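Chemist: After the sequence you'll find the predicted model.
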Amino acid sequence: MDATAPVISQTTGSPRTTVTAIPGDGIGPEVMRAVQRVLAAAGARITWEEAEAGAAVFKRGIASGCPQDTLDSIAQTGIVLKGPLETPVGYGEKSANVTLRKFFELYGNIRPVRELPGIRTPFSGRGIDLVIVRENVEDLYTGIEHMQSAGAAQCLKLITEPGCERIIRLAFALTQAESRRKLACATKANIMKMTEGMMKRVFERVAPEYPGIEASHIIIDNCAHQLVIAPEQFDVIVTTNMNGDIISDLAAGLVGGLGVAPSSNIGDNAAMFEAVHGSAPQIAGRDLANPTALMLSAVMMLRHIGDFAAAEMVEQALLVTLEEGRNLTGDIAPKGTGVGTTAYTDQVIANLGRTSGHPSRQYQPLNLPVWPKGVWHHDSDSRIMMGLDVFIESDHAPERLAASLQAATEGTDFTLKMIENRGVQVWPAHTGEPFLVDLFRCRFLLGTPSEGAPDEIAHLMKRLTAEHHWMHVEKLQRFDGLDGFTRAQGEN
Ligand code: NAD
């Protein structure tokens with residue numbers, strides 16, 4: 001088909017799907033308009049319900065950046081195509097993106113990373129074609145932070161067993177749905193044995209249920225290294241939130257950067273599709289933006305709603321356009337040949353119905369388990385209270401602090417086991433010359449470990465409160481015979 005031929009409109013015969021469209025900020029409305037034109041021309045049976053979020057909403061004083069109408073629309077449709085949303089830079093206001101992910105519990109962030117024809121990078125020709133599946137709601141992103149002293153900040157890294165299991169099962173299901181063979185779980189389990197280790201343990205428990213998939217574990221830093229050294233070795237990677245945030249941007253950089261990187265955010269009741277890039281305010285409103293990333297996100301959306309024919313048609317038209325290299329936007333065109341968003345979109349529309357030299361995969365619907373409602377609870381057969389870690393703000397030297405803490409334990413069943421500073425034991429013994437800050441973790445052990453010990457705890461804490469600034473207390477518990485706490489460097 002040549003560029004002047006009429007647009008083919010293919011109807012799939014399937015019922016229309018209502019999709020919430022959030023054009024967003026900056027270049028968002030331009031790239032959204034481009035995508036809607038392409039999808040209409042491809043005959044995708046979509047009814048758009050336009051909704052607002054982002055800068056204009058913040059300016060109206062809505063602190064979440066998402067008005068109730070938008071949340072209602074998503075709750076109704078369950079499918080969102082979203083442009084970029086500006087995050088206000090300042091204190092207190094949340095990101096509207098994070099609000100949407102958390103509100104609809106969009107726990108799975110899927111980021112395909114595929115070498116695209118005509119987009120030259122130092123990695124071109126390597127055949128990169130992988131998917132990163134990032135846990136999207138837990139980890140350091142729960143946003144639970146506390147100043148422990150005026151100069152020591154803490155962020156809670158919260159990882160749960162069902163949180164791991166959901167994302168791991170999503171990753172296996174995606175590997176199957178895209179007819180891929182290998183799934184690597186990338187963690188920092190060697191250092192964070194409980195949190196990152198949870199992801200690894202759940203992965204190893206679930207993997208035997210998918211015998212057709214080659215499952216392996218890789219330490220995240222080696223994964224980053226391998227992604228640069230030999231990215232073509234990877235098929236699907238599943239990882240925790242913070243790791244995934246970093247390696248998915250790294251991987252996007254291997255194949256042409258944020259302008260061409262799509263993504264989806266999957267939950268039990270809603271799914272949101274968006275480009276990885278931001279609102280690019282410098283080029284907004286000038287018909288300069290590249291809509292490829294949002295178009296590829298829309299392709300993911302079409303597959304998610306089961307419109308495989310329209311997805312294939314749009315993806316192939318995009319690939320033909322990139323392959324031929326005519327009428328590309330300035331960011332990816334050879335120098336001096338760039339055209340605007342509208343002309344590029346016209347070119348993609350003109351190429352609908354053509355097949356590129358890059359065949360698509362065989363996609364099938366994602367087969368995901370439905371998670372039961374209600375509070376998830378892992379019941380242990382036994383739970384023994386071993387002691388307490390009390391985090392104390394102090395400018396005393398460790399020996400002086402220890403003497404005061406030992407005095408506080410007199411007449412209680414607790415003994416002071418050790419004091420550490422930023423993870424390194426500094427009392428009763430220490431090695432080297434640790435740099436000390438005004439936050440000490442003080443470990444008290446019960447003489448008689450038991451199931452409860454509330455009176456003993458109250459007794460000790462009352463004494464500590466009289467003499468010290470303590471910030472928080474962690475119970476040291478043993479679940480089913482296994483310690484539910486780690487030891488400090490140097491602690492035995
Ligand atoms: P950005 O992605 O907007 O821009 C980075 C660079 O890439 C700029 O040079 C920009 O011009 C270019 N660029 C980005 N998308 C492009 C496209 N489609 N076509 C051509 N060039 C493109 O990143 P930023 O400047 O860090 O962020 C700007 C705003 O976007 C911030 O308010 C940020 O919070 C927000 N943001 C939103 C999302 C989201 O909604 N998911 C993601 C990232 C950033």
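Modeler: Received it, and whenever you're ready, just let me know what you need.
Chemist: which non-adjacent residue is nearest whichever residue of the chain sits closest to the ligand?
Modeler: The chain approaches the ligand most closely through Gly278 (2.4 Å), counting by Cβ to the nearest ligand atom. To be clear about C-beta, it is placed using only N, CA and C from the backbone, and glycine gets the same treatment. Of all residues not flanking Gly278 in the chain, Pro84 sits nearest, at 4.8 Å (Cβ to Cβ, 6 or more residues apart in numbering).
Chemist: Ala284 against Ile27, yeah?
Modeler: Yes. Counting by Cβ atoms under 8 Å, Ile27 is a contact partner of Ala284 at 4.9 Å.
Chemist: more neighbours, the two?
Modeler: Shown here are Ala284 and Ile27; by other Cβ atoms under 10 Å, Ile27 has more neighbours (30 against 16).
Chemist: Buried residues in stretch 448-466, which are they?
Modeler: Ala453, Glu456, Ile457, His459, Leu460, Arg463, Leu464 (16 or more other Cβ atoms under 10 Å).
Chemist: which of these has the weakest pLDDT?
Modeler: Lowest pLDDT within those is found at Ala453 (77).
Chemist: did I read that right, the residue of the chain closest to the ligand in a helix?
Modeler: No. Per DSSP: H, G, I helix; E, B strand; the rest coil, Gly278 lies outside any helix segment and is coil.
Chemist: what number of residues lie near it?
Modeler: Neighbours of Gly278 using other Cβ under 10 Å come to 18.
Chemist: got the phi/psi numbers for it?
Modeler: Main-chain torsions, Gly278, degrees, to the nearest 10: phi -90, psi -160.
Chemist: Isn't it up against Ser95?
Modeler: No. At 11.1 Å, Gly278 does not count as touching Ser95 under the criterion of Cβ under 8 Å.
Chemist: where do the strands sit along the stretch 101-250 of the chain?
Modeler: For the stretch 101-250 of the chain, the strands defined by DSSP state E, counting those that start in this stretch occupy 108-114, 129-135, 145-149, 152-155, 182-187, 214-219, 236-239.
Chemist: And for the stretch 351-492 of the chain?
Modeler: For the stretch 351-492 of the chain, strands defined by DSSP E, counting those that start in this stretch occupy the ranges 383-393, 414-421, 424-427, 439-450, 469-479, 482-483.
Chemist: who in the chain is up against the ligand?
Modeler: Residues of the chain lying close to the ligand (Cβ under 6 Å from any ligand atom) are 27, 84-87, 97, 258-259, 274, 277-280, 282-283, 289-290, 293, 331.
Chemist: can you give me the helices for this protein?
Modeler: Residue ranges of the helices in the chain, as given by DSSP state H, are 28-41, 55-59, 68-77, 96-103, 161-177, 195-206, 220-229, 241-254, 292-304, 308-324, 341-350, 398-409, 454-467.
Chemist: Ok, which of these comes nearest Phe440?
Modeler: Ranking the helices of the chain by distance to Phe440, with Cβ to Cβ as the measure, places helix 398-409 first at 6.2 Å.
Chemist: how far does the closest one sit from the chain's center?
Modeler: Taking Cα atoms, centre = their mean, to the nearest Å, one finds helix 398-409 lying 43 Å from the centre of the chain it belongs to.
Chemist: Specify the angle between that helix and strand 439-450 in degrees.
Modeler: Taking axes from the mean of the first three to the mean of the last three Cα atoms, to 10 degrees, one finds that helix 398-409 is oriented at 40 degrees with respect to strand 439-450.
Chemist: Just the C-alpha atoms of helix 398-409, please, in CSV.
Modeler: Output of helix 398-409 as CSV, limited to C-alpha atoms (Å, rounded to 0.1, in the frame of the first residue of the first chain):
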residue,chain,number,x,y,z
PRO,A,398,28.6,3.3,72.9
GLU,A,399,30.1,2.3,76.3
ARG,A,400,28.3,5.1,78.1
LEU,A,401,25.0,4.3,76.3
ALA,A,402,25.4,0.6,77.1
ALA,A,403,26.0,1.3,80.8
SER,A,404,22.8,3.4,81.0
LEU,A,405,20.8,0.7,79.0
GLN,A,406,22.1,-2.1,81.2
ALA,A,407,20.9,-0.1,84.3
ALA,A,408,17.5,0.1,82.6
THR,A,409,17.3,-3.7,82.3
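Chemist: which stretches of the protein have low pLDDT?
Modeler: Applying pLDDT under 70 to the chain flags the ranges 1-14, 90-93.
Chemist: And the residue nearest the centre of it?
Modeler: Asn136 (3.3 Å; Cα atoms, centre = their mean).
Chemist: Just confirm that one contacts Met242, I think it does.
Modeler: No. At 11.2 Å, Asn136 and Met242 do not qualify as touching, with contact defined as Cβ under 8 Å.
Chemist: I'd like the strands of the stretch 101-250 of the chain laid out as JSON lines, including mean neighbour count.
Modeler: Shown next, in JSON lines, are these (neighbours: other Cβ atoms under 10 Å):
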{"stretch": "strand 108-114", "mean neighbour count": "24"}
{"stretch": "strand 129-135", "mean neighbour count": "24"}
{"stretch": "strand 145-149", "mean neighbour count": "13"}
{"stretch": "strand 152-155", "mean neighbour count": "14"}
{"stretch": "strand 182-187", "mean neighbour count": "24"}
{"stretch": "strand 214-219", "mean neighbour count": "16"}
{"stretch": "strand 236-239", "mean neighbour count": "27"}
